[in-house]
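> task: produce atomic coordinates for the following.
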Amino acid sequence: MPLTNARPAPDRPLADHAAIVTGASSGIGFAVAEALADAGAAVIVNYHSDADPAEALAARIRDAGGRAEAIGANVSDEEEVTRLFDAAVAAFGRVDVLVANSGVQKDAAIAEMTLADWNTVIDVNLTGQFLCAREAVRRFRTQPTAGRPARSAGSIITMSSVHEVIPWAGHVNYAASKGGSRMLTRTLAQEVAADRIRVNAIAPGAIRTPINEDAWGSDAALEKLLRLIPYGRIGEPDDVARAAVWLASDQADYVTGTTLFVDGGMTLYPEFRDNG
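This is a model prediction of the structure:
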């Protein structure tokens, strides 16, 4: 059933919006999808290989009175990305928000890194963002503008990382993908601003998710990690999710082409707190 075109209430800034969140079966993507739904959006909960948590989240959103569908798709596959957007339009009538969150790590020192691991990370983290953003722009440009629930024609949020600016030895594929994501975001924002399409990035720092449990799962590991975070705590997925809701909403209507760092100050070079 298509959404209505009513203007959203202040406490539900994404009411009558339709959103796609890629890589939403766990971690940051899961929290973002849930937060967008809480803010009133109808949400496509995308997953690649882990369907059960995505299906469970979609069911929980529906049980709470919201609208959600879990859709499997590999974001590095052009045809599957098109199918993902087709499914969103079939379910909700349009797409207003894309959160391009899917990402992987395949870590190794440069001398040991395989071409397969390099390609996998670039394909998902960077090419996947390109394919999803390209499809979003195509949909935004062809959707009717009259009576839209947002001032913009659409909002794209790419999920970057503090490693779009911080080098990370032993993770050259990941850091390169996030550096590329930064310029993809800025260049795309410049290109489509005249279409009233907003494009921004979120760059999380250390966030408590299962993928990086080795960095926070023990007292010793957490103590070491906190030396890199001036604010003195590890981030939670909800910290990123709240930022995504704001960037997707009209509250951020004059914001485009920027990266919002959600990192507790990790990019402030904490090693220099005592003059280096």
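
> buried residues in stretch 237-244?
Buried positions in stretch 237-244, judged by neighbour count with 16 or more other CB atoms under 10 Å: 237, 239, 240, 241, 242, 243, 244. Backbone N, C-alpha and C define where each C-beta goes, glycine included.

> wouldn't the second one be in contact with residue 207 here?
Yes - with contact taken as CB atoms under 8 Å, residue 239 and residue 207 are classed as touching, separated by 7.2 Å.

> most centrally placed residue in this structure?
residue 101 (3.3 Å; CA atoms, centre = their mean).

> residue contacts, it?
21, 22, 23, 24, 28, 29, 32, 159 (CB atoms under 8 Å, 6 or more residues apart in numbering).

> correct me, but the last one touches residue 202?
Yes - contact criterion CB under 8 Å: residue 159 and residue 202 qualify, at 5.8 Å.

> between the buried residues of stretch 237-244, which is closest to residue 198?
Proximity of the buried residues of stretch 237-244 to residue 198 (CB to CB) peaks at residue 244, which lies at 12.8 Å.

> not counting its neighbours along the chain, what's nearest the closest one?
residue 32 (4.7 Å; CB to CB, 6 or more residues apart in numbering).

> tally of neighbours for the one you found?
If you count neighbours by other CB atoms under 10 Å, residue 32 ends up with 31.

> which stretches in the stretch 51-200 of the chain count as helices?
For the stretch 51-200 of the chain, helices defined by DSSP state H, counting those that start in this stretch occupy the ranges 51-63, 78-92, 115-122, 128-142, 172-192.

> in the fourth one, what counts as buried?
The one in question is helix 128-142. So for helix 128-142, counting by 16+ other CB under 10 Å, buried means 128, 129, 130, 131, 132, 133, 135, 136, 137, 139, 140.

> and if you look at the last one?
By neighbour count, with 16+ other CB under 10 Å as the criterion, the buried positions of helix 172-192 are 172-182, 184-186, 188-189, 192.

> quick revisit: tabulate the buried residues of stretch 237-244 (JSON lines), appending distance to residue 221.
Compiled in JSON lines, the buried residues of stretch 237-244 are given as follows (distance: CB to CB, whole Å):
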{"residue": "237", "distance to residue 221": "19"}
{"residue": "239", "distance to residue 221": "20"}
{"residue": "240", "distance to residue 221": "21"}
{"residue": "241", "distance to residue 221": "24"}
{"residue": "242", "distance to residue 221": "26"}
{"residue": "243", "distance to residue 221": "25"}
{"residue": "244", "distance to residue 221": "27"}
